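S.K.: need the 3D shape of this:
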Amino acid sequence: MLSFMARRGVPELVTPARATPRETKALSDIDDQHALRYYETVIGFFRRCHGQSDGPDDPAEAIRAALAQALVYYYPVAGRLREDAGGRLEVDCTAEGVVFVQADADVRLEDFGEPLQPPYPCVEELLCDAGDTRAVIGRPLLFMQLTRLKCGGFVGGFHMCHNMADGFGMIQLMITIAELACDAAAPSILPVWKRELLSSTTHSPTPIVYPNPSYEQLQLNILDSTCDDVMLSTPLNEMVVDYFIFGPREMTTLENHIRGYHAHSATSFELITAVMWRCRTIALGYKSNQTVHLMITMNARGRWNHHTPIPWGYYGNAHFSPIAQVTVDELCRQPLNDTVELVRETKLSVTAKECMESMLETMASTRNRLCEDPARTYEVSDTKWIAAGNGLQLGWAEFVGGGIPVAGDITSKIGSDHMRCKNQDGEDSTVVSLLLPRSAMERFKKEMAVWLNKHDDKSLIIQSSL
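M.R.: The predicted structure is shown next:
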């Protein structure tokens, strides 16, 4: 296993390259959730392009200068969050700047493994110290480290306040930095604020109609006691994280477990999620009569959202989380076809305008409440687009991999992220993170091996530990 220590420079505050408006901006009701008061982590690996003589001698200085230019367009990111008199978060656009750290590591890009897959060795060495990642008020909203490698490649590691942007917004900012580092006159995607689009029209305590009863139950925290959920009672130092790779061969095997219509129409996300939810539920030892939940993060920028169009360039949080609920007995005894259909129906439920509105009203009405983690809930996000990299090319450097590592604020990684990678045969694949208590992880692997007919095949699993 690769081991190294990065040599970090002194952290510096990078401010906008030109004067920016001094104003206060309100966040949306989705942004202003207590559950998002943390710094999300994203990492990207870049290889210097051979034969490119017009690239900068020092990528860190080029990226730093581009970051200052990008903050002219994304000037709220250079400000600070504060609470108004009612406790709502707002952005004070002070142009105080973001944290930037230059670093060097005596390793080459190929030392991280070929193909490049999580877990990334010594990932914490590629991220600067963001301090308390649950404290967001009055602090820089972005922490960035640029680590130069011996081969000429480099790694960008980001901690960004989740109240300011979701994953899509973070990537949009990174694309802007990449374009400006290549001497673009302006970003190809101009940032749009318009947080009022995803704010409730009323914040009064009027009764809310819930088309999705399970969403009401979770959001209002009226679940039974969480003390019987081992996921919430196990200390983080007694948990492990594994990454599971699903390439063409694994997907074919899973498809053989479903018949008829679903075999041809089920997406990889739906099929993988259905199987992992079942295996995870069994591994955690929940009782057969207990209710378990599946929470799916849906990007409102998707084609399914015809009723609340999100403008191109919007970089705020634009995600909703429809929820499915069944008993353990129902989930584990029903045919896999039925679980896949449940995942699909849950995704489709959010396409109803009334459901989105009820979710938004719930977020607004419960904003002042410190939401506890719901019991027996599996949260899943499809973030494969984060590692696509099409917009992250710098001309003189090629994006070769990255995504959301299980690093930084670990408590926010209880759910699974679906990311893109190459498998050992160089085939496009999906890699899924999973955090579980150590004993539950062993049971999960055995359950998953049954579905994949891989009792002795370790190529599916890439193990890490916290």
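S.K.: for the rest of this, base every contact and every neighbour count on C-alpha atoms.
M.R.: Will do.
S.K.: A helix includes residue 399, no?
M.R.: No. Under DSSP: H, G, I helix; E, B strand; the rest coil, residue 399 falls outside any helix and is assigned strand.
S.K.: which residue ranges of the stretch 301-450 of the chain form strands?
M.R.: 319-320, 323-327, 377-382, 397-403, 416-422, 428-437 (DSSP state E, counting those that start in this stretch).
S.K.: want to throw those strands into CSV with mean neighbour count, distance to residue 292 and mean pLDDT?
M.R.: Converted to CSV, those look like this (neighbours: other CA atoms under 10 Å; distance: least, CA to CA, whole Å; pLDDT from 0 to 100):
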stretch, mean neighbour count, distance to residue 292, mean pLDDT
strand 319-320, 19, 19, 84
strand 323-327, 20, 6, 94
strand 377-382, 21, 6, 94
strand 397-403, 22, 28, 88
strand 416-422, 24, 16, 92
strand 428-437, 23, 16, 95
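S.K.: turn those into TSV, including distance to residue 130.
M.R.: Below are the strands of the stretch 301-450 of the chain laid out as TSV (distance: least, CA to CA, whole Å):
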stretch	distance to residue 130
strand 319-320	25
strand 323-327	32
strand 377-382	24
strand 397-403	18
strand 416-422	22
strand 428-437	22
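S.K.: can you say which of those is nearest to residue 255?
M.R.: Closest to residue 255 of the strands of the stretch 301-450 of the chain is strand 428-437 (CA to CA; 14.9 Å).
S.K.: which strands border the closest one, and is each parallel or antiparallel?
M.R.: strand 239-246 (antiparallel), strand 416-422 (antiparallel) (DSSP bridges).
S.K.: how about these in JSON lines, adding distance to residue 449?
M.R.: What follows is those, written out as JSON lines (distance: least, CA to CA, whole Å):
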{"stretch": "strand 239-246", "distance to residue 449": "11"}
{"stretch": "strand 416-422", "distance to residue 449": "18"}
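S.K.: indicate which one of those strands is closest to residue 408.
M.R.: Per CA to CA, nearest to residue 408 of the strands paired with strand 428-437: strand 239-246, 13.5 Å.
S.K.: following that closest one, which helix or strand comes up?
M.R.: Counting by DSSP states H and E, the next helix or strand C-terminal to strand 239-246 is helix 248-255.
S.K.: send me stretch 95-109 as PDB with only the CA atoms.
M.R.: Output of stretch 95-109 as PDB, limited to C-alpha atoms (Å, rounded to 0.1, in the frame of the first residue of the first chain):
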ATOM      1  CA  ALA A  95     -14.800  39.100  -0.300                       C
ATOM      2  CA  GLU A  96     -12.700  37.800   2.600                       C
ATOM      3  CA  GLY A  97     -11.600  34.900   0.400                       C
ATOM      4  CA  VAL A  98     -11.100  31.100   0.400                       C
ATOM      5  CA  VAL A  99      -8.300  29.000   1.800                       C
ATOM      6  CA  PHE A 100      -5.700  27.700  -0.700                       C
ATOM      7  CA  VAL A 101      -2.700  25.500   0.100                       C
ATOM      8  CA  GLN A 102       0.100  24.500  -2.200                       C
ATOM      9  CA  ALA A 103       1.700  21.100  -1.500                       C
ATOM     10  CA  ASP A 104       4.200  18.600  -2.900                       C
ATOM     11  CA  ALA A 105       4.300  14.800  -2.600                       C
ATOM     12  CA  ASP A 106       7.100  12.500  -3.700                       C
ATOM     13  CA  VAL A 107       4.900  10.100  -5.500                       C
ATOM     14  CA  ARG A 108       3.700   9.600  -9.100                       C
ATOM     15  CA  LEU A 109       0.200   9.400 -10.400                       C
END
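S.K.: identify each buried residue in it, please.
M.R.: Going by neighbour count (16 or more other CA atoms under 10 Å), the buried part of stretch 95-109 is 95-105, 107-109.
S.K.: and that stretch, what's its mean pLDDT?
M.R.: Averaged across stretch 95-109, the pLDDT comes to 98.
S.K.: where do the helices of this structure begin and end?
M.R.: 59-73, 167-181, 213-219, 230-233, 248-255, 261-265, 268-283, 328-333, 336-349, 353-365, 438-452 (DSSP state H).
S.K.: which one of these lies nearest to residue 126?
M.R.: helix 59-73 (13.3 Å).
S.K.: just the residues contacting that closest one, thanks.
M.R.: Applying CA atoms under 8 Å, 6 or more residues apart in numbering, the contact partners of helix 59-73 are 14-20, 56, 77-78, 100, 102, 146-148, 154, 173, 176-178, 180-181, 190-191.
S.K.: look up phi and psi at residue 88.
M.R.: The phi/psi pair for residue 88 (degrees, to the nearest 10) reads phi -80, psi 140.
S.K.: nearest residue to it in space, ignoring adjacent ones along the chain?
M.R.: Spatially, and ignoring its direct neighbours in sequence, residue 88 is nearest to residue 32 (6.9 Å; CA to CA, 6 or more residues apart in numbering).
S.K.: how many neighbours does the one you found have?
M.R.: By the criterion of other CA atoms under 10 Å, residue 32 has 24 neighbours.
S.K.: so it is in contact with residue 91, correct?
M.R.: No. Taking contacts as CA atoms under 8 Å, residue 32 lies outside contact range of residue 91: 10.9 Å.
S.K.: quick one: pLDDT of residue 441?
M.R.: Looking at residue 441, its pLDDT stands at 97.
S.K.: count of neighbours near it?
M.R.: Counted with other CA under 10 Å, residue 441 comes out at 21.
S.K.: on that earlier part again, just checking, which of the contacts of helix 59-73 belong to strands?
M.R.: Judged by DSSP state E, those include 14, 100, 102, 146, 147, 148, 154 as members of strands.
S.K.: what's the neighbour count on the closest residue to the fourth one other than its chain neighbours?
M.R.: I take that to be residue 146. Excluding the flanking residues, the one nearest residue 146 by CA to CA, 6+ apart is residue 156, at 4.8 Å. Neighbouring residues of residue 156 were enumerated by other CA under 10 Å; the total is 21.
S.K.: quick one, what contacts residue 156?
M.R.: 43, 44, 45, 126, 144, 145, 146, 147 are the contacts of residue 156 under CA under 8 Å, 6+ apart.
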